[in-house]
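In: What follows is a predicted structure for the sequence shown.
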Amino acid sequence: MSGVLYLVATPIGNLGDLSDRARQVLGAVDLVAAEDTRRTGQLLSGLGISRPLLSVHEHNERARAAGIVERLQAGQSVALVSDAGTPLVSDPGFRLVRAAIAAGVEVTALPGPCAAIVALTLSGLPSDRFCFEGFLPARTAARRSRLAQLSAEPRTLVFYESGQRLQAMLEDCAVVFGVAREGALGRELTKRYEQVCRGPVGELARRAADEPDLCRGELTVVVAGAEDRDSATEQAQLAELLPKLLKHLSPSQAASLAAELTGLPRNACYRLALELTKVD
Ligand code: SAM
């Protein structure tokens, strides 16, 4: 196994999901490059494995990549793992893999758990084509603007989200995509208290506000793609326009003007104007 970089997926909550091959490789490599050496050390010791560990995280990956590639070129084998799930998926590893490929080093993957795929497959939403969007921006304006860019996307959307921001994120989905767009929330997937809530995003946002437990633990949000591109675009335009109008006008005045400018029904504009004044 000399000179190979192994990308090893690890469980996202259920130790039984670690593959036999992952176990074998982790027990045999010269070095385990880990996002958090303490956490991976615990995983390895639970498996009765002891291997040298090196931290490779968001802040040092660029600097560490060259040294790891040198070790690979010298014939050593290296396993890359993240804290949980598949490395490189909203996790470190991309720079290291690029550097290894550029150096002509063999790279191979040991596939396994990935929260995005688990949530997608449990969502009940179309899974033949999907967009993985990772984490949305933390700030409301930037988040809404990213969602607006996605509003006419016909493929199913998959997002990672933190408990702190879940309610705001779902409310923004309702504002930008419309309350009726179907969605699903995967919580604590593969763990003992795994939960999947399915329904319109407006309903999911309301539940996140009413049931604080829904915002606890690890969360992945899946949103159906747009069925009607034109109305999705109009809805997104309205979601961009109304906050600007609301800076200067009352909800009622802003709704009337927005209805005139977009051609959308005034009722729909007014409902959204009220929603936006409540959220902001
Ligand atoms: N690379 C990982 C993967 O393959 O799933 C994802 C890493 S990302 C930093 C971590 C995010 O994934 C969490 O904040 C959460 O949004 C999602 N996630 C991880 N484990 C999860 C679980 N058991 N249930 C639901 N979502 C989870």
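Out: Alright, I've got the coordinates.
In: Run a quick neighbour tally on Glu240.
Out: 13 (other CB atoms under 10 Å). C-beta: built from backbone N, CA, C; applies to glycine.
In: where does it land in three-state SS?
Out: helix (DSSP: H, G, I helix; E, B strand; the rest coil).
In: from memory it sits against Ser145, does it?
Out: Yes: between Glu240 and Ser145 a contact is recorded at 7.3 Å, counting by CB atoms under 8 Å.
In: tally of neighbours for the one residue in the chain that gets nearest to the ligand?
Out: The ligand sits closest to Gly85 of the chain, with a gap of 2.4 Å, by CB to the nearest ligand atom. The burial count assigned to Gly85 is 25, neighbours taken as other CB under 10 Å.
In: what's the spacing between it and Ala9?
Out: Counting by CB to CB, to the nearest Å, the gap from Gly85 to Ala9 is 6 Å.
In: before we move on, what about Glu61?
Out: Separation of Glu61 from Ala9 (CB to CB): 18 Å.
In: Could you do Pro243 as well?
Out: 41 Å.
In: Same check on Ala116?
Out: In terms of CB to CB, Ala116 sits 12 Å off from Ala9.
In: Check whether Arg51 really touches Leu44, as I assumed.
Out: Yes: between Arg51 and Leu44 there is a contact under CB under 8 Å: 6.4 Å.
In: neighbour count winner among those two?
Out: Taking neighbours as other CB under 10 Å, Arg51 and Leu44 compare with Leu44 leading, 20 against 16.
In: Next up, the contacts around the more buried one.
Out: Neighbouring residues of Leu44 by CB atoms under 8 Å, 6 or more residues apart in numbering: Leu26, Val32, Ser50, Arg51, Leu53.
In: If we use 10 Å, what do you get?
Out: Taking CB atoms under 10 Å, 6 or more residues apart in numbering as the contact definition, Leu44 lies against Arg23, Leu26, Gly27, Val32, Ala34, Thr37, Ser50, Arg51, Leu53, Val81.
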